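In: A predicted structure for the sequence below; I have some questions about it.
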Amino acid sequence: MSRTHSMKFIVAALTVTAFTLLCIIGMGTQVQASTSGKVPVPGTVVLTGAETYGMTDEGKTTATVTWQKLSRSCTNYQIYMKDEGGSWTKIKTVSASKDSAEASVPYESKTSFKVRAINKKKVKVNDKKRWKTAYGKFSEVKSVTPVRPQNPAAVKVTRTLTDDGAVARVKWSKSSSNVDSDIQYQIAYKTLKIKTVNVAAEDKPVVDSLIAQVLNKKKTISEVPDQYRKAVDYFVNPKSVESTEVLKTDGNQADIPVVEGLNQTVTVTATYEYQGDTYKSEDTTIDVEEPPNTEQWMDVLADLADRVEANNFYYNQNPGSNSYASAMAKSGKSRRINCAAYVSWALQEYGILPEGQMIWLGKTIHGNGAGTLKSSDKVTITYPGKVPSQCDLQPGDICGFQWGDPSANQVHTMVYAGNNQWYTAGTGDVRGLSGSRASQSTFLGPKAKSSYNGKKCYVLIRINN
């Protein structure tokens, strides 16, 4: 080979070697740039709670999810939600300064939440700055199943008067809420007062005379002198004004002052506060007046006994009529009564049982009126299981006796009349359908029933005053 060709070969070889070294150096630079673009991965978020409150305009409630903030490598939190039977959906992204988020969720349905942290940074890649995001692991799942708050049930209200009639003690049944909240009761009592005008003593004869002239249509109100017109008008055309006072309590009774001669009503409403909202029952309103009392109950018993005695009733274990009116629609031996029918019809006429509902007593309360009686605020029911002398009986108390098999008629229902006497419509009190008893007289009482002195009263029903 000539020297010239040798030099060309050497130069060519050096050129290839230099190019190869440049390529290797360039490749090395690219690898280094990609490894420097990593973003630190954030830690796992720890949820601290998921709670609901309030009601949204859409009829849903608001859920709040809370977590512990991470101390480093976190720029944002992503919140995911899943409805019952649905799939996970990202609902929002919040900044690293936040430790809670809210979402609207449905009532009566399970909604689940989970949160993860992300770390979003600008990094240098191949001499260029680009956004890259690292994702932490999801938190554990927390769920809520919110209960839709319901208005509390309306209360039953009863009232009694003090002996002097000056105070009405109003009592009501307890209501409840379907959420964890205490019930309060609002008592609004209204008094309808008649407006009056004070008249000076020296003017009273003149006013009385003008009132008489207006009432006798000898004058009109417009013809009455100005200084007397208002007093005359208020007398001739009574005007009233309603005043309302409101009490609140968590108890079940309140004392209302009675103003004689004025129309007064009491309205009781159950309320509770829950998550910033107020829930109320329907109002229950009663008049402040003297309630039925034992004396009236005894009058009902006596009057019914008189009618039974006067209208040719016969005794039968199956009376066949569920009211006094339906019995009176029958005639002859179809017009029947027994002890339970007498008491049931009296309770119907007194207003405690609806017409058609009946009870009979043994060791418990039987009949289609048993449920009504047990839920009534107008009676108090006890089960003494003692002889009458040990039951502290009061006039009007209804007693149920049983001393054997009820199917063999070894039960009896009577009403205590006081002084060891009773109202009763048993086999010995009402004439029978046949035999010698068909000619006996009917007398329901009051009468002594000494044969029951040693029998136990298992049910005692007392009419509330």
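Out: Yep, it's here. Residues are numbered from 1 along each chain as shown.

In: distance from stretch 225-238 to the middle of the chain?
Out: For stretch 225-238, the separation from the chain centroid amounts to 49 Å (computed by Cα atoms, centre = their mean, to the nearest Å).

In: report the buried residues of it.
Out: For stretch 225-238, burial by neighbour count (16 or more other Cβ atoms under 10 Å) applies to 228, 231-233, 235. Placement of C-beta: from N, CA and C, glycine included.

In: one more: stretch 251-270?
Out: Buried-residue list, stretch 251-270, by 16+ other Cβ under 10 Å: 254, 256, 258, 264-270.

In: show me the buried residues of stretch 225-238 that map onto helices.
Out: With DSSP state H as the criterion, helices contain 228, 231-233, 235 from among the buried residues of stretch 225-238.

In: now those residues in JSON lines, with pLDDT and distance to V155?
Out: Output for those, formatted as JSON lines (pLDDT from 0 to 100; distance: Cβ to Cβ, whole Å):
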{"residue": "Y228", "pLDDT": "91", "distance to V155": "49"}
{"residue": "A231", "pLDDT": "86", "distance to V155": "44"}
{"residue": "V232", "pLDDT": "87", "distance to V155": "45"}
{"residue": "D233", "pLDDT": "86", "distance to V155": "42"}
{"residue": "F235", "pLDDT": "80", "distance to V155": "41"}
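
In: will you turn these into JSON lines that also has distance to K69?
Out: What follows is these, written out as JSON lines (distance: Cβ to Cβ, whole Å):
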{"residue": "Y228", "distance to K69": "81"}
{"residue": "A231", "distance to K69": "77"}
{"residue": "V232", "distance to K69": "80"}
{"residue": "D233", "distance to K69": "75"}
{"residue": "F235", "distance to K69": "78"}
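
In: how long is stretch 93-104 end to end?
Out: One end of stretch 93-104 sits 15 Å from the other (Cα to Cα, to the nearest Å).

In: what about S175, how many neighbours?
Out: Around S175 there are 21 other residues, counting by other Cβ atoms under 10 Å.

In: which residue ranges of the stretch 151-300 of the chain form helices?
Out: Assigned by DSSP state H, counting those that start in this stretch, the stretch 151-300 of the chain shows helices spanning 204-215, 226-236, 294-310.

In: farthest-separated two in the buried residues of stretch 251-270?
Out: Using Cβ to Cβ, the buried residues of stretch 251-270 span at most 24.1 Å, a distance reached by V258 and A270.

In: pLDDT weak spots in the stretch 201-350 of the chain?
Out: Scanning the stretch 201-350 of the chain for pLDDT under 70 picks out 238-242, 259-263, 289-293.

In: need the strands for the stretch 101-250 of the chain, in chain order.
Out: Using DSSP state E, counting those that start in this stretch, the strands of the stretch 101-250 of the chain run over 111-125, 128-135, 142-144, 157-161, 167-172, 184-194, 240-249.

In: give the contact list for Q264.
Out: 168, 189-192, 256, 258, 287-288 (Cβ atoms under 8 Å, 6 or more residues apart in numbering).

In: go ahead and confirm E349 touches L304.
Out: Yes - between E349 and L304 there is a contact at 6.5 Å, judged by Cβ atoms under 8 Å.

In: more crowded one of those two?
Out: Set E349 next to L304 and count neighbours by other Cβ under 10 Å: L304 wins out with 22 against 18.

In: re the thing from before, pull up the overlap in contacts between E349 and L304.
Out: Jointly contacting E349 and L304 under the rule Cβ under 8 Å, 6+ apart are Y324.

In: picking up where we left off before, now, the most widely separated pair of the contacts of Q264?
Out: Largest separation among those by Cβ to Cβ: A168 and L192, giving 15.3 Å.

In: of those two, which one has the most company?
Out: Neighbour comparison, A168 and L192: the larger count goes to A168, with 23 against 13 (by other Cβ under 10 Å).
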